[in-house]
Each structure stands twice: as structure tokens, then as C-alpha cells.
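J.: missing the sequence, but the structure's below:
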């Protein structure tokens, strides 16, 4: 029997059955015996949202019949209170503790160079201002909010292991627990600039971890003889000499003295123009004007890594950094397809309950993909999610029977191979095509 299927089945039952009932009492959601329990409340929400991420309360209570919960829409609506939100948060946290990964790793040569390949980033969900004491945001005007929830996320590409933590929206990405977590020797961390920290990167290198990052503007760069490099002038000379690709060893930071490879790839005119426009837009959103120096850097893709050329060739560095887009696609899956930030109610506690329940449903959806589809390079998480929604009613009725649940997951793992793969694209190749065929497409 496939061990990952049994692992997922047991984790599902433990979280939405045993832990849900236990946490319902601890949070005060259940104070005396009644027809609504922690487990049937949680399962009603989770499996309803797994099928339809924007249901009415009537749709939610119809879903409850599968979990032996028969209640009126008005009665269920009354249960959306602070205790219910606390219950859903604690059950979600219990799910996030489960370190589940695919049994079979995805077979792509460039990924196999490392023990793990980890993508890290955060995404923010704005909340009703009344919730600011629970989840403090960054403000309250424009694109900011007095209340916001930040999801600290790390996706491991080879096995699909997903690590997430819930943080207040005002929490700095650079200080997130996953940014500071210690990973195993030989892993590769592909990080956005929100995680750029020379002292931390030096500690990671000392532990035997590898990292790949964009260059952070205003970071001091020195040659191996200790002479400071004026990067703008240096890039201008390369451009004048007709150089398109270049790399050298450098030392980063006045105090950190972190050795790294500096990798430079000159962009075509259209791409550099888009980069400048984006930089100006981002600066304007923050009430700033970009400097001439920072605009000059837009002619190049600039990466830094501590991986040696023998381990990771020049083009493979740019190929792997382009894979960082996968975590942005994961966030898009959660927000656009999973409707994570959308609620039909003006009740802030219902909004919060729904947010936790939807995220829990998305975590369950991810686990299901790990049972038999993650190893497929051309997998489509969008199509896999559609299949899971189609089969979610079958899943719901299996939750109290381990044998039936294992049987369902086995069947589902086979169904993933039918109609759940990405189509090949010639003009704009998918990430898996680039990983297999190389970075010539980009």
C-alpha cells in the first residue's frame, strides 16, 4: 500500500476529527454536549469550501448533512463568533504542523543537484479593521489595512512539502520564522529580496546551505582584492564592450565580507524598459523617486549565489531563479481560485472563520496532490484542484472510515493522471518545459 496515502489519510482524520473536537473544548466553542461538535463544524466548513469557495450559509448547512450535522442556516450563522474563529485558527495551525511530502520526488536533473530546493515568500490578506488587535496591519489607507494576516510560506520543489505560518500583516518578511529557519546541508534556498540579509546568508553558507538571490540595491560589492566595485560604472563598461553574460567572484558587505558569485545577464531593450517602468511604479506607490543608479541597473538581471560553478552553471542559476515564480502561482491559486480573501458576509468573525477554513481546505487540497501527482513535472495545480472539487463530496463521506478514505485517495491519485496536466506552449513555455529543456526560451 502507498505509504503517502496512508499518511495523508491519518493526518486528515487526526486534524478534522480528533483535534477539532479536542480544540473545540479548549477554545470554549463547545461548552456542553449538543448536536454541533468541533469536528462536524470544522468538516462542514472545510469540505463545503473544498467544493465551492463562495457558498451561501444555506449551501454550508447542506454540506453539513454529510457530517451528521442538521441545523438551520440561521442557527449555523449564529455560531460564527470569536470562539468559532479561535477554533478554526487552532485546527488550521494543527494542520500546518503536519510535515507531509510526496513519496516520489519530481525527476528533474537541475533540482537533483540539491538535497532540497526551497522557495520562500509571504502573502498578505487584508481583514476587517475591527480585527486589528488580533492581526495588526500596516496602516489603513490605499492598499494597506489596519488589520491583515500574513502567510509565511516555504514550498519545497522536489517533494512538494509545504510549510506555512500565520503572522500579523505588519510583521517584516525579513524577520519571518521561515526566513530564519535552519535547513539541511546541501539544500538550495531561492529567496526574494524581502529575505535579503547578508549576515543570515553568511550563516546559511557556513551551515552548508546554498542560496540564490537577486542583488539588493545599495549592497556594497568588493573584488577579491578588497577594492570596491562601482556596479553602475562596471555594468556600463560591460555594455559598451558588447558583453551580454558575465560572472565573477565578489565579496558582499562592508562588515559581512560574504563571498559570492556575481552573475550578470544583459536584458533586451523591451525587457529593460519594462523593468524601469515597474521600478518607477513601485517607487511611486511608496511616495519615492528611483535613483539614476537604480534605474541603470534595470539593463541587467543581477543574481548572487554561493553555489560554485561546478555545482551550478551560469545559465542554471537564472533558470532556477525563474522557478521562484512558482510560489507566486501558488499564492494566485489560493487567492484567485481559492477565494481566500473573499467573504459574502459583513460579520468579521464569519469572515475570519471562512478565511481559516478556506486555507485549511487549500492545505488539504495540497496534501491530496502529494498522494500521487507531485512527481509529474507537467502537473497543473489548477486542474488538480478542479478534479478535487469534483470529487469532494466523495471525500467528505469517507472522513470517519480510514479504509474507505484510503480507498478514495488511491482512486484519486490515479485520476490525477487524466486531464490534470499542463499543455505545452511554444511561445511562452511553462516552467517545467524550461526546467527540462533549459533556459534558452527566456
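T.: That came through, no problem. Not measured: the values here are computed from a predicted model.
J.: Show me the domain layout of this protein.
T.: Domain ranges of the chain: 3-99+338-415, 196-323, per automatic domain parsing.
J.: which helices and strands does the helix or strand where residue 39 lies pack with?
T.: Per DSSP states H and E: residue 39 is located in helix 38-51. The elements that helix 38-51 packs onto, with contact taken as 3 or more C-beta pairs under 8 Å, 6 or more residues apart in numbering; DSSP states H and E, are helix 20-26, helix 57-64, helix 82-96, helix 348-370, helix 381-396. In short, each C-beta sits where N, CA and C put it, glycine included.
J.: Residue 347 - how many residues pack around it?
T.: Neighbourhood size, residue 347 [other C-beta atoms under 10 Å]: 15.
J.: returning to what we had before: need the domains of the chain in a markdown table (columns: mean pLDDT and distance to residue 162).
T.: Below are those laid out as a markdown table (pLDDT from 0 to 100; distance: least, C-beta to C-beta, whole Å):
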| stretch | mean pLDDT | distance to residue 162 |
| --- | --- | --- |
| domain 3-99+338-415 | 93 | 6 |
| domain 196-323 | 91 | 16 |
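J.: Of the ones you listed, flag the one that's most buried.
T.: Highest mean neighbour count among these (mean count of other C-beta atoms under 10 Å): domain 3-99+338-415, with a mean of 19.
J.: measure that domain end to end?
T.: End-to-end span of domain 3-99+338-415 (C-alpha to C-alpha, to the nearest Å): 18 Å.
J.: picking up where we left off before, using a markdown table, lay out the helices and strands packed on helix 38-51 together with distance to residue 128.
T.: Listed next are the helices and strands packed on helix 38-51 as a markdown table, based on distance: least, C-beta to C-beta, whole Å:
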| stretch | distance to residue 128 |
| --- | --- |
| helix 20-26 | 24 |
| helix 57-64 | 18 |
| helix 82-96 | 12 |
| helix 348-370 | 4 |
| helix 381-396 | 27 |
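J.: what about the strands in the chain?
T.: 117-127, 147-156, 162-168, 188-191, 210-214, 221-222, 245-252, 258-266, 300-305 (DSSP state E).
J.: looking at these, which is closest to residue 377?
T.: strand 117-127 (13.2 Å; C-beta to C-beta).
J.: on contacts alone, who are the packing partners of that closest one?
T.: If you count contacts as 3+ C-beta pairs under 8 Å, 6+ apart, strand 117-127 packs onto strand 147-156, strand 188-191, helix 325-332, helix 348-370.
J.: Which elements pack onto the longest one?
T.: It stands for helix 348-370. Using 3+ C-beta pairs under 8 Å, 6+ apart: helix 348-370 touches helix 3-13, helix 38-51, helix 82-96, strand 117-127, strand 162-168, helix 381-396.
J.: and that helix with strand 147-156, angle?
T.: Computed by axes from the mean of the first three to the mean of the last three C-alpha atoms, to 10 degrees, the angle separating helix 348-370 from strand 147-156 equals 10 degrees.
J.: Likewise for the third one?
T.: Relative orientation of helix 325-332 and strand 147-156, computed by the same axes, to 10 degrees: 140 degrees.
J.: Stretch 184-195: which residues count as buried?
T.: Neighbour counts over stretch 184-195 (16 or more other C-beta atoms under 10 Å) mark 187, 188, 189, 190, 191, 192, 195 as buried.
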